[in-house]
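*Asks:* pasting the structure only:
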């Protein structure tokens, strides 16, 4: 897959990076953990600029997030025609409204979550500007991190993979701890 990613970047440059990051959000089996380090590596060879790589990757990811957000808004309005149960929808929206806004930020850095988080954000009618702000901050941090890894550590693939894996675990742990803290706080208020 890495060879295909590099060939798309080679042929399309920044547009290819944006396209690949768009696909990462729409179709998760094409991970940003391959795309952005490969783009960073390409920048280290002088074929592209590092800032251009970060901008292109972030733009592609945010365009996909926007589309998925509006799909969520559509589902919220027309879910009954798609045979989505109102009770299931209400449960998902209740959970998202309680925890979701901050999870939009952190979710941009967690594989698979970054693809899914936009839909409940749209369904819950999270203000679009707030959604895009949280998404932009999380996306820019993540694409910058991955591009820098590729730029500086491309020759040491094992170390780069280890750092990416640990970073994902740390972010996931922060999100889980936050949810546990919120639940404990809520439970503490009831007793």
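*Replies:* Good, I have the coordinates. As the structure is a computational prediction, the values presented were derived from the model and not from experiment.
*Asks:* low-scoring stretches of the protein, by residue?
*Replies:* 1-2, 28-29, 76-100, 112, 154-165, 167-168, 171-172, 175, 179, 190-191 (pLDDT under 70).
*Asks:* show me where it has helices.
*Replies:* Under the criterion DSSP state H, the chain contains helices at 2-12, 14-26, 32-44, 50-78, 86-107, 113-116, 118-123, 128-153, 157-190.
*Asks:* could these go into a markdown table alongside mean neighbour count?
*Replies:* All C-beta atoms are positioned from the backbone trio N, CA, C, and that covers glycine. Below are the helices of the chain laid out as a markdown table (neighbours: other CB atoms under 10 Å):
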| stretch | mean neighbour count |
| --- | --- |
| helix 2-12 | 14 |
| helix 14-26 | 22 |
| helix 32-44 | 25 |
| helix 50-78 | 20 |
| helix 86-107 | 16 |
| helix 113-116 | 20 |
| helix 118-123 | 24 |
| helix 128-153 | 20 |
| helix 157-190 | 12 |
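*Asks:* how close does residue 182 get to residue 149?
*Replies:* 31 Å (CB to CB, to the nearest Å).
*Asks:* in contact with residue 44, which residues?
*Replies:* Residue 44 is in contact with 50, 150-152, 154, counting by CB atoms under 8 Å, 6 or more residues apart in numbering.
*Asks:* can you give me the offset of stretch 119-134 from its chain's centre?
*Replies:* Here stretch 119-134 is found 14 Å from its chain centre; the criterion is CA atoms, centre = their mean, to the nearest Å.
*Asks:* endpoint to endpoint, it covers what distance?
*Replies:* End-to-end distance for stretch 119-134, by CA to CA, to the nearest Å: 14 Å.
*Asks:* equivalent analysis for stretch 114-133, please.
*Replies:* Note: stretch 114-133 ends 14 Å apart using CA to CA.
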